[in-house]
Each structure stands twice: as C-alpha cells, then as structure tokens.
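Q: next one to model:
(chains A and B)
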Amino acid sequence: MDITLLTTPKEAPLFSYSNQKVSNVLQAAIDMQSNNQPQNSHTSTSRSSDSSELPSASGKWASRLLKECARAISDKDSGKIHHLLWMLNELASPYGDCDQKLASYFLQALFCKAMGSGQRCFKTLNAVAEKSHSFDSARKLILKFQEVSPWMTFGHVASNGAILEALEGDTKLHIIDISNTLCTQWPTLLEALATRNDETPHLKLTVVVTASTVRSVMKEIGQRMEKFARLMGVPFEFNVISGLNHLGELTKEGLGVQEDEAIAVNCIGALRRVEVEERGAVIRMFQSLKPRVVTIVEEEADLSSSRDDFVKCFEECLRFYTLYFEMLEESFVPTSNDRLMLERECSRSIVRVLACDDENSPEGECEKRERGSQWSERLKEAFSPVGFSDDCVDDVKALLKRYRAGWALALPQGDHHESGIYLTWKEEPVVWASAWKP
Amino acid sequence: MEIQSCIYQLDLLRRESLITMPEKMAEEAYPNLIDENTIRSGSNPPAVKKKRNLPGTPDPEAEVIALSPKTLMATNRFLCEICGKGFQRDQNLQLHRRGHNLPWKLKQRTSKEPRKRVYVCPEKACVHHHPSRALGDLTGIKKHFCRKHGEKKWKCGKCSKRYAVQSDWKAHSKTCGTREYRCDCGTVFSRRDSFVTHRAFCDALAEETARMKAVSNMNTAVAGNINYHFMGTPLGHSNPQNVPSIFKPISSNEDTIINPTTRGLSLWIGHGSQGQETMINNNLQGIHQLGPLCSGATFADPLVSCSNISPSDYHQNWVFGNKLSSSNSEELTSTSLPLIDVKEAGTQLLSIPSLYETQHQSNQTPSANMSATALLQKAAQIGSTSTDPSFLGSFRLKCNDSRVQDGNKLGGPYGSNSILSNLGKDAEKTAGDLFQIHPAKRRHAEIEDGSGGETRDFLGVGTVQPICHPSSFNGWI
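A: Residues are numbered from 1 along each chain as shown, chains lettered A, B, ... in the order given. Model (predicted):
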C-alpha cells in the first residue's frame, strides 16, 4: 500500500464545503483513476457512474463514496481503495456537516478494515473514552441527550410502564437492569412508585454494567439513586454487577435474587452487545430467573444477519448511522459540544462492527444490532409477548409530544404477530421497545 | 377586630384540618374562609357566615341519605311535577316551573323546610360510608364517589393523566404544561419527567437529603423547643459568612446527621481520606443548622429549609477548597484552578440567592400528610425566584459557550491529520488540550461576570432581603 499518499499533510478542512470543492476533488479523482492501470469490468462500470454523476456532486456524496470504498475493499481492489480513501480523507471532517462527519467516522473504520488494524484501533478508542469519562461529563451528556431527543426516553417510558403494570400490587420488587443508561430510567419509576401506589413497595435495583466506560461512574450513580429514593420515600436497595466477561455468566445467586421477590428484567441496548452466537443462551438465562416481565429495548438495524457480507453490512450500518447523525444534528443546537461527544461515541461502535472480526473480541462489545422482528424470533423461544397497555402507549405519545416534530410512535403491522412498539424518526423506525412474560 | 377573629378562626380550622383530612378537602370545605382577600380587604365583612363543620363530621340532627350508586350518578334528579321534565339542579327546575304560569299559591315551593341533609358514600369499604362521616353536599358526595371509586374517563392530552370527574380534568388541563419546575440548582424545567430525572442527579440533592433527614427528625422530636432555640439568635444578618459561626450543633441529633453529611461530603471531597471527612463533619454540623434558622419557623415543612444550602456550601468551599482540588484528581487536570472554579468543576451549581427568598413562602401549609409528589413539587418551587440570574448560574452558561468554541477551534489543526495517522494519539491530544483550555476560559468568564452592571454583594446576590418573614410564624403561634 502506498502509505505516503495517505499521510500527506493537508490543509485544515473548512467547516462547510462548497459544491465546487467537492466537484474538484471528484474530478481530480476521476482524472487520476483514468491514468491507472486497467481495472476489471466491475470497477469500470463504477467509474462511468462517477463521471456521469459529477455535475451533481453535492449532497450525499459521502454515502456514495463510502459505499464505493466498501465495495472496493470487498473486492480487494487496492488501487481503488487507495484512491477512494484519499478522496474521503480530503472531504471528511468530524466537525463539518452530516456528510463530512459520516465520511470521517466511516473512513476510520474502512481504513482499519483495509489495514487490518481494527482491533488495535478499537482498543485505543476505548482507552481514550474511558480516560475522558467522568461522572459529571457522563451525567451531563446523557441528561442533555434525553432532554433534546426521545431516543432513550422512549424506551424508558415504555419499559417503566410495562414494569409498573406487571409488578402492580407486589411489595418486594427486584429490577435487574442490564443497560448502560446510568440509571436515568429509574427516577421517574421511583416517583411513580412513591405516588401511584397507596403502599410504597420496597425496590431492589441490581444494575449489570457491560460497557467499560460506565463502570467507573456507577458508584457515584448508586449514591445518587439511594439519596433520591430516600427523598421519594421509597425503601430502596442498590447493587452493581460489573466485570462480567459475558452476560451468560449471570446466575440467580450472583444477582441476589430471592424467592419472595417479584423480578423484572430490563434490558436496554445491551442484548446487541452479546456475541451473536450466545444470544440464545442469554435469553435462556433470563428465563431461568423466572421474571414477571422482561423489557427489551434495542435500536432498529440489522447488522448481524449480514455479518458475512461486508458490503451489505456496511450499507446497513451506514443507513442507520446516517439517520442517527441527522437526528442528532436536528435535535441539538449547531454549536453543541454534547452532540460532538455523542458522535464520537459512535466511532467506536462503527469500528467494532465493520473492522473487527469476531475472534479475540473483548467482553460485551459486539454491537451487532438486530431488528425488532429478529429479536422477537429469539425471544419467542422462551417468552411470550406482552402488549403495552393503552395507558402506557398514551404515556409514550404524550412524551413524544414534548419533543420537536419528526418523532412518532408506530405500532407493529399486526400480521406477523409482531411485538413491541417502534419509535420513528421521519417515518423511519429507529428504536424498538417490547415487553415479554414467561 | 372582626378580621383578627377571622384569621384566628382560619388558623384554628387549618390546624384541625391537618389532623383529620388532606389539604384538598380543606380547601373545598372552606372556600369562603380561605379566601383571604375578602377578609383582608375589610370592606364588606360578611355579617353572617354559614357555619360549616368539617367535612365528614356532619350535624347530628341532619337527615342521613344513602343513595345507591345509580341514583347518585343520575343526572336529572329534580323533576317538574307538571310535565315531569328532569333537571340537574334545583334552581334550574325552579326556573323551568316559572314557565308553567302557575297560580301564586302553587308558585311557592312546597314548604320543604330545608332539613339538613347529609349523604353517605354507597361504597362499603369507604370511610364515608358510615353516617358519622357523611358528607353534606350532594355534589360533594358525587364527586367523591367518582374520584375514589369511579372509572377515570377523562384524560389530559398533554400528560395523559386521568380523571374521573370532568371538572377536575378541566381544571387540570388549564394548568398542565404551564407549570414550571425549578430545581434547587436554579435550572427550570417545563417537563416534569426531565425535572425528576435531573433532580435525582443534581448535586443540590446531596445537601438537601442530609438536611431533610435532620429536620424531619427534629420535627418529630421537640419541635417547639428547637424553634425557640434558634429564634434567639440574631436573624438580621445579611452576610452569610458570619452566620455559620453562631451555631452549635444540636447534640441530640448528632448521630442522625453524621451519616448523611458524610455521604454528601464524599461528593465534594471526592476520594478524600477518612480523616478529612470526620473533621469536616464536625464543622459542618453547625453549618447545616443554618437551614432551619434561615427559613424561620417553617420547621414543619422540612423542604423549605432545604433550599438554603448555598451559604453552607460556599463556606465549605472556602474552607476546604484546597483539599478539594488536591484530592479530586479525576476531573481536574490542574490543581492551580482558582477557588470558584473548583466549585464549578466539581459539581452542578447551587443558587446562592435562595437564602434570601423565604419570604415568598407565606402560604405554606405545613402538613404531615403531604404526598411525595407534593413534597417534591414544593421543593422545586422553593428554588431561586429572584430575577437576577445567580452569579454562578450565568457563569456556567458562559462556560458552556466558551468550551464549545474551544472544541471547534482545536478541531482545525488536528482535523486533517487525525483520520489516517495515529488515531488514538490525536484523540488524547484533543481531549487534553480541551481540559487545559477550560480553566483559563472559565476564569475569563468569571471576571467578566463579576464586573457586570448589576449590583451584587460578595456572593453575587442582587438585593439583600430580610431573612425571615413574620407570616411564616403563623402556624406556630
């Protein structure tokens, strides 16, 4: 590989690129390409498509280039790979518009894939993230995100509603929270417990943490939760379980599950972090805990069934993150630092999915999402779906009304007995929430 | 004279109402007494006030009526004897009867001397089912039955809260979404759920829970004595720095205060040593008593006192600032940060002006039976209401902006190299630089703010107001 080409120092990228610049780069690329050694038939068709689309070089150039590059990598066409990586590097910037950002983060993953350095890159990114994480920064970031976007709160409200209904009337509740939401779901539940019931039940919360960045702040979070529960007047007990190699290792005893407790398993964005082959085992483990209700919330993307086909996986990944980045752009103010942080968080996930192979993978970092229908297939082996009550659905709708326009609730079509509800952003389903009982 | 006796009666009834029933019903039963405007205006003091008993304690000579649920909910109970038309209210029926052109004799109402009627709730399990707890008003019993035992058919569109009684729903819809929730730290929320979530993580919570526990313990114990104990000390101080030194810890409650204080402190001190914590403990017990004093005699309402955290925090910071910066290594990369920055960096901001606005709480009704929601809301309302942004509040806003700009600026030189060269190294550099630039920028912002046009005293508070308001002593005289 011609390394020198790729590391040539370049001028600082501007915040917004004029169409002219993009066309210039593309034109230069086309000229370069035509001087290269003859390509095989596959790439020659793409070359012609480049030149024909040159006049409309603005808008959505990122997805085109990125997909091209992915195809090139899949075909192991090193000349083309070089070429496209160079172009993307010219145009990408994590501080620019959506296209530039996507180009930047995906370029990083593509580069790692081409170089085979995915694992190393991922580890470095992780280390950096862990170092810069603190309670204050994490808290601020997550609360701000929840304030401007219902991406997370949708799942929280739906799950809380399902849990409260399923555990209605019980006096000893035990919620097993397998998520990395820093317990932001629980204050509203505590409030509901304190005010809704005549007799406030005792709540034990056991949080299972899978992300390494979250672990360090859990102590602080626990203290806050305990204080808050005291303020609310809810008898409360808090435990954290971290350092697990994988979720399947959890046991009833390990979680401190007692016979007289009403159990709820709450799993937000955590199932996707389990290795694909082990997901069935984890679901069976949930079953062994004999919960009254299991709430699962996941992001809607299919990155697992296509994991053997790089291009397909790439395209799906790109589609999902395009939605996510656009959502972030419209939800935050343009100069928001928080949005920048959230985008950076994505970079690790993108590298992990695209550039890391499954062998010698670290704990709980798989990130291969599945769609709601796929999760439903898995969950149906051990559980049966519970629909969200009308009250709960109304709560979710009221929640969405409090945010900017563009968000909506979608109920499943009904013909496949699909379960769960979807959060949609501009008509695209993005988050799936569901409830299950044994 | 009459006014004073009215006020006395009001207080008497209020106190009684505390014992027997929730606040809401008190308001319902005493609309004319609680309407203080009419009393205070003095222009037309009502000569004869209809004497009302407490709801649920009916006149012994009244006739007890027990209606079945069906009859109770029937809407047209008043029937015209001439044409049989039904009306919801007696007045409406009378109006209608006029239209029949009756001869004068029959125009008079068939002399039903208005024998007092009271109604019982048809629901057997209900308190009001028993005649001794009957309610005096038909509308009242209808509403009660719906609220407690009825299906909630009315629903708020904004927050999806449900109501059984239409008038309740209407009343709620008017105020839903208009309400603002204010946290102790000064942030205002229009949404309840984001307020609750914020509250759970807000640093203001740490101090408050400690005080709440302390105060609630004292409340159940010797409330009156403690009250006088504090009343003896000078209250007119506007300089909060002096106030903490006046106090001695209340010996009986030392144990209960220690634990929450320690834990609250751990937030401040971070990973400080145990020795530090106990020492701080002893000093702070005095400071924590600042709360109850400054709010005067509002002991019965523990949350009122909780708002006055800022002077103690400031004091704490002042004394322990150095220790804080050295031990809290996680978040701060340089120990040379000035004192105020340390506080800012360590925690969310606390509003200092809250010390001075207890006079806004004149209508607090201390009630031991308040629900958790009401308590929470009260705590929220007690936050800063001064129009000047708190010194630290605006300070924080400025910091945010400056930080963002830094991030963008730093992006420039790194942007081009970052992607393809050493990825990890670059990210570290950026993060590190951001940290270093922060303190400098924040300092700048602080200085800017301090020289702003508004008059501020040492703490950055606008106008200095008296600490205690006489009306807050009402409940205790």
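Q: for residue B:164, grab the count of nearby residues.
A: Using other C-beta atoms under 10 Å in any protein chain shown as the criterion, residue B:164 is surrounded by 17 other residues. Placement of C-beta: from N, CA and C, glycine included.
Q: please apply the same query to residue A:410.
A: Residue A:410: 13 neighbours (other C-beta under 10 Å).
Q: tell me which helix or strand residue A:297 sits in.
A: Using DSSP states H and E, residue A:297 falls within strand A:293-299.
Q: show me what that strand is packed against.
A: helix A:150-166, strand A:262-268, helix A:372-379, strand A:428-437 (3 or more C-beta pairs under 8 Å, 6 or more residues apart in numbering or on different chains; DSSP states H and E).
Q: output those as a markdown table; include the columns distance to residue A:291.
A: Converted to a markdown table, the helices and strands packed on strand A:293-299 look like this (distance: least, C-beta to C-beta, whole Å):
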| stretch | distance to residue A:291 |
| --- | --- |
| helix A:150-166 | 9 |
| strand A:262-268 | 4 |
| helix A:372-379 | 12 |
| strand A:428-437 | 8 |
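Q: which one of these lies nearest to residue B:138?
A: Nearest to residue B:138, of all those, is helix A:150-166, at 35.7 Å by C-beta to C-beta.
Q: ok, and for the closest one, which residues are buried?
A: Neighbour counts over helix A:150-166 (16 or more other C-beta atoms under 10 Å in any protein chain shown) mark A:150-164, A:166 as buried.
Q: quick one: contacts of the helix or strand following that helix?
A: Per DSSP H and E, the first helix or strand lying C-terminal to helix A:150-166 is strand A:172-179. Here strand A:172-179 makes contact (C-beta atoms under 8 Å, 6 or more residues apart in numbering or on different chains) with A:163, A:167, A:183, A:185-186, A:193, A:201-208, A:210, A:247, A:255-258, A:260-270, A:289, A:291.
Q: keep the buried residues of helix A:150-166, but drop any that are not near chain B.
A: A:153, A:157 (C-beta under 8 Å from any C-beta of the partner chain).
Q: which member of the buried residues of helix A:150-166 is positioned nearest residue A:137?
A: residue A:152 (16.8 Å).
Q: wait, doesn't that closest one sit right on residue A:181?
A: Yes. With contact defined as C-beta atoms under 8 Å, residue A:152 and residue A:181 form a contacting pair (6.5 Å).
Q: can you list the residues of the stretch 51-200 of chain A near chain B?
A: Contact residues (C-beta under 8 Å from any C-beta) of the stretch 51-200 of chain A with chain B: A:85, A:89, A:92-95, A:104, A:107-108, A:111, A:121, A:124-125, A:127-128, A:131-132, A:134-137, A:139, A:143, A:146-147, A:153, A:157, A:184, A:186-188, A:190-191, A:194-195.
Q: quick one, the strand holding residue A:297 and helix A:150-166 angle?
A: Going by axes from the mean of the first three to the mean of the last three C-alpha atoms, to 10 degrees, strand A:293-299 is angled at 170 degrees with respect to helix A:150-166.
Q: where does strand A:293-299 sit relative to the chain's centre, distance-wise?
A: 14 Å (C-alpha atoms, centre = their mean, to the nearest Å).
Q: what pairs with that strand, parallel or antiparallel?
A: Within its sheet, strand A:293-299 is paired with strand A:262-268 (parallel), strand A:428-437 (antiparallel), according to DSSP bridges.
Q: surely residue A:392 meets residue A:159?
A: No. The pair residue A:392 / residue A:159 is not scored as a contact, 9.4 Å apart, by C-beta under 8 Å.
Q: so the residue nearest to the spatial centre of chain A bridges to which residues?
A: With distances taken as C-alpha atoms, centre = their mean, residue A:299 lies nearest the centre of chain A, 6.1 Å away. Here residue A:299 shows beta-bridge partners residue A:431, assigned using DSSP bridges.
Q: was I right about it contacting residue A:431?
A: Yes. With contact defined as C-beta under 8 Å, residue A:299 counts as touching residue A:431 (5.7 Å).
Q: pLDDT value on residue A:28, please?
A: Residue A:28 carries a pLDDT score of 64 in this model.
Q: okay, and the common contacts of residue A:152 and residue A:181?
A: Common neighbours of residue A:152 and residue A:181 (C-beta under 8 Å, 6+ apart) are A:142, A:268.
Q: list the contacts of stretch A:279-288.
A: A:246-248, A:250-252, A:265, A:267, A:271, A:274, A:294, A:378-379, A:381-383, A:438.
Q: in PyMOL, select just the buried ones from these.
A: In PyMOL, this line selects whichever of those come out buried by 16+ other C-beta under 10 Å:
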select buried, chain A and resi 246+247+248+250+265+267+271+274+294+378+379+382+383
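Q: which strands and helices lie in contact with the helix or strand that contains residue A:347?
A: Assigned by DSSP H and E, residue A:347 belongs to helix A:337-355. Applying 3+ C-beta pairs under 8 Å, 6+ apart, one finds that helix A:337-355 contacts helix A:98-115, helix A:118-132, helix A:135-148, helix A:310-331, helix B:391-418.
Q: report the backbone C-alpha coordinates of it in PDB.
A: Below are the C-alpha coordinates for helix A:337-355, written out as PDB (Å, rounded to 0.1, in the frame of the first residue of the first chain):
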ATOM      1  CA  ASN A 337     -20.400  20.100  22.300                       C
ATOM      2  CA  ASP A 338     -22.600  17.300  23.600                       C
ATOM      3  CA  ARG A 339     -23.500  16.300  20.100                       C
ATOM      4  CA  LEU A 340     -19.900  16.100  19.200                       C
ATOM      5  CA  MET A 341     -19.300  13.700  22.200                       C
ATOM      6  CA  LEU A 342     -22.200  11.500  21.100                       C
ATOM      7  CA  GLU A 343     -20.900  11.300  17.600                       C
ATOM      8  CA  ARG A 344     -17.500  10.300  18.900                       C
ATOM      9  CA  GLU A 345     -19.100   7.600  20.900                       C
ATOM     10  CA  CYS A 346     -20.400   6.200  17.700                       C
ATOM     11  CA  SER A 347     -17.000   5.900  16.200                       C
ATOM     12  CA  ARG A 348     -16.100   3.000  18.500                       C
ATOM     13  CA  SER A 349     -19.200   1.100  17.600                       C
ATOM     14  CA  ILE A 350     -18.700   1.600  13.900                       C
ATOM     15  CA  VAL A 351     -15.100   0.400  14.000                       C
ATOM     16  CA  ARG A 352     -16.200  -2.600  16.100                       C
ATOM     17  CA  VAL A 353     -18.900  -3.700  13.700                       C
ATOM     18  CA  LEU A 354     -17.000  -3.100  10.500                       C
ATOM     19  CA  ALA A 355     -13.400  -3.600  11.200                       C
END
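Q: isn't residue A:162 right up against residue A:435?
A: Yes. Assessed by C-beta under 8 Å, residue A:162 is found in contact with residue A:435 at 3.8 Å.
Q: mutual contacts of the two, please.
A: By the contact definition C-beta under 8 Å, 6+ apart, residue A:162 and residue A:435 are jointly contacted by A:293, A:295, A:386, A:388.
Q: which one is the second one nearest to, not counting chain neighbours?
A: It stands for residue A:295. residue A:159 (3.9 Å; C-beta to C-beta, 6 or more residues apart in numbering or on different chains).
Q: mind checking how far that neighbour is from chain B?
A: Going from residue A:159 to chain B by C-beta to the nearest C-beta, to the nearest Å gives 14 Å.
Q: and the angle for the helix or strand harbouring residue A:207 with strand A:172-179?
A: Assigned by DSSP H and E, residue A:207 falls within strand A:202-208. With the same axes, to 10 degrees applied, the angle from strand A:202-208 to strand A:172-179 works out at 20 degrees.
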